[in-house]
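Novice: Structure here, sequence nowhere to be found:
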């Protein structure tokens, strides 16, 4: 049994919000503002001192209602209301004040947004956690991951992993641990292959198999929360591998606590957010 309490940063009395990391979340598009909300809140509730959500500027009025503690950064958008390639330079100027980046939830696969994601991965020097449409932007173009200049964590479910590396979902599910480890080594990154007993694999060959979580978590938005959590832990100074395994463990525990109280059938992603503080407190040592 891993003592996860040793991974969680202890809070000194003489600290301020700048001591606990600033996470930039790049997420959301028309119809998918919930993904941006869940990812941002996942980072905030996991202990980040500051969280900024970078969104298409037309979505700000919606996100201002959904979020109160999270800041928003309004970015150039396409005619479809998704992040534009013109946002690239503005994001890079902002990166100096950021400790970790979460990119992908609800971004869309608009061709210009895809190009933005691809360009950012090869130009951001800070740690990046890539999920959802961030991964879909790399489908058939996974080689770009080898050109990343900062540490990378990818958090695919089996379908996203299949699209990323060009093999079937069935092949991945037959040998989850071997596939995760192979991808981690080939692309020099951390892999979080989600699902029953999520696999965390590192480029150095380390592996963690998670045992928390339940079928009630098979619902929209739960992965968005995990992305924010992992980015938060990285931003607080935890290594990418430890941040990933701590994230999946606490994410699953929050789901287990929610299922115990509410049952699995009616569990929704927001319940994981509500029970995440209890999961963290249980493991804070």
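Specialist: It's in. Fair warning: this is a prediction, and the values are worked out from it, not measured in the lab. Residues are numbered from 1 along each chain as shown.

Novice: What are the boundaries of the strands in the stretch 151-285 of the chain?
Specialist: For the stretch 151-285 of the chain, strands defined by DSSP state E, counting those that start in this stretch occupy the ranges 152-154, 190-193, 199-201, 207-209.

Novice: how far out from the middle of the chain is the last one?
Specialist: Between the centre of strand 207-209 and the centre of its host chain there is 18 Å, according to C-alpha atoms, centre = their mean, to the nearest Å.

Novice: Rounded mean pLDDT for that strand, please.
Specialist: Regarding strand 207-209, the rounded mean pLDDT is 97.

Novice: hmm, who's touching the top strand by length along the chain?
Specialist: Looking across the chain with DSSP state E, the single longest strand is strand 50-56. Applying C-beta atoms under 8 Å, 6 or more residues apart in numbering, the external contacts of strand 50-56 come out as 17-18, 20-30, 36, 40, 43-44, 63, 67, 69-78, 81-84, 87, 91, 94, 98, 228, 232. For every residue, glycine as well, the C-beta is placed using N, CA and C.

Novice: same thing with stretch 74-86?
Specialist: 26, 29-30, 54-60, 87, 90-91, 107-108, 110, 112-113, 115-116, 119.

Novice: tell me which residues of it are tucked away?
Specialist: Neighbour counts using 16 or more other C-beta atoms under 10 Å place 74, 75, 76, 77, 78, 81, 82, 83, 84, 85 of stretch 74-86 among the buried residues.

Novice: Please apply the same query to stretch 169-188.
Specialist: In stretch 169-188, counting by 16+ other C-beta under 10 Å, buried: 172, 176, 179, 180, 181, 183, 184, 187.

Novice: Just the ones of the residues you listed in helices?
Specialist: In this view, the buried residues of stretch 169-188 that belong to helices under DSSP state H are 172, 176, 179, 180, 181, 183, 184, 187.

Novice: which residues does the first one contact?
Specialist: I take that to be residue 172. Counting by C-beta under 8 Å, 6+ apart, residue 172 has contacts 158, 161, 162, 179, 193.

Novice: Let's see that with 6 Å instead.
Specialist: Residues near residue 172 by C-beta atoms under 6 Å, 6 or more residues apart in numbering: 158, 161, 162, 179.

Novice: same thing with the fourth one?
Specialist: In this structure, residue 180 makes contact with 191, 193, 199, 201, judged by C-beta under 6 Å, 6+ apart.

Novice: In terms of pLDDT, where does it sit?
Specialist: So residue 180 comes in at 98 (pLDDT).

Novice: Residue 1 too?
Specialist: Value for residue 1, per-residue pLDDT: 51.

Novice: can you tell me how far the most centrally placed residue in the chain sits from residue 263?
Specialist: In the chain, the C-alpha nearest the mean C-alpha coordinate belongs to residue 227, at 1.6 Å (C-alpha atoms, centre = their mean). According to C-beta to C-beta, to the nearest Å, residue 227 stands 26 Å off from residue 263.

Novice: Over to residue 243?
Specialist: Taking C-beta to C-beta, one finds residue 243 at 30 Å from residue 263.

Novice: Which residue of these two possesses the greater neighbour count?
Specialist: Each of residue 243 and residue 263 has its neighbours counted (other C-beta atoms under 10 Å); residue 243 has more, 29 against 10.

Novice: Name the nearest residue to the more buried one, sequence neighbours excluded.
Specialist: residue 233 (3.6 Å; C-beta to C-beta, 6 or more residues apart in numbering).
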